[in-house]
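Output the structure for:
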Amino acid sequence: MLKLEELRKTVKCEVFVQEEMAKHDIRKVEGVADILIKPSGKKELKKVLHLLRDSRYPHVVINRKGRVLFPDNRYHGAVIVMD
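Sure, this is the predicted structure:
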C-alpha cells in the first residue's frame with residue numbers, strides 16, 4: 001500500500017490528492033487524479049517509481065505536452081508530471 005507520508009519524506013516532490021490535472025498546465029488532459037506527483041527531477045522520478053512499484057500502486061508518467069485519455073475522465077492511481 002502506498003503511504004503518502006513515506007513518499008513526502010523520501011522524495012523531493014509536490015504531492016496533490018484528488019487534484020484536477022488542468023490546474024497544472026497539462027495540455028490536452030482533463031480529469032481528476034487520485035494522486036498527482038510532481039518530482040523535482042529525474043533522480044526523484046526514479047525514487048517515486050520505485051515506491052509506486054513496491055506498493056503496486058497503479059501509475060502513469062506524462063509530460064505537460066502529452067495527450068492522455070482517461071476513462072470516465074478519471075485515473076485511479078498516481079499521475080506523475082514531468083516538465
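
contacts and neighbour counts: CA atoms only from here.
Fine.

So residue 78 sits against residue 36, correct?
Yes - with contacts counted by Cα atoms under 8 Å, residue 78 reaches residue 36, the gap being 5.6 Å.

where does this protein dip in pLDDT?
Applying pLDDT under 70 to the chain flags the ranges 28, 66-73.

where do the strands sit along it?
Ranges of strands in the chain, per DSSP state E, are 13-20, 32-39, 59-63, 74-82.

ok, and what's touching the longest one?
Defining contact as Cα atoms under 8 Å, 6 or more residues apart in numbering, one finds that strand 74-82 is touched by 31-39, 41, 57-64.

again, but for the shortest one
Strand 59-63 is touched from outside by 26, 52, 68, 77, 78, 79, 80, 81, 82, 83, with contacts defined as Cα under 8 Å, 6+ apart.

The nearest residue to residue 58 once chain neighbours are set aside and residue 54, how far apart?
Spatial nearest neighbour of residue 58, chain neighbours left out: residue 77 (4.8 Å); criterion: Cα to Cα, 6 or more residues apart in numbering. Distance, residue 77 to residue 54, using Cα to Cα, to the nearest Å: 14 Å.

Please identify which of the two sits among more neighbours.
Taking neighbours as other Cα atoms under 10 Å, residue 77 and residue 54 compare with residue 77 leading, 15 against 11.

Can you give me the distance of residue 54 to residue 1?
The gap separating residue 54 from residue 1 is 8 Å, by Cα to Cα.

An error on my part: the question was meant for residue 57.
Distance from residue 57 to residue 1, by Cα to Cα: 7 Å.

The two: who's more crowded?
Under the criterion of other Cα under 10 Å, the comparison of residue 57 against residue 1 puts residue 57 first, with 14 against 9.

who touches that one in this structure?
1, 2, 77, 78.

Kindly indicate which of those lies nearest residue 46.
Distance to residue 46, by Cα to Cα, is smallest for residue 78 among these, at 14.2 Å.
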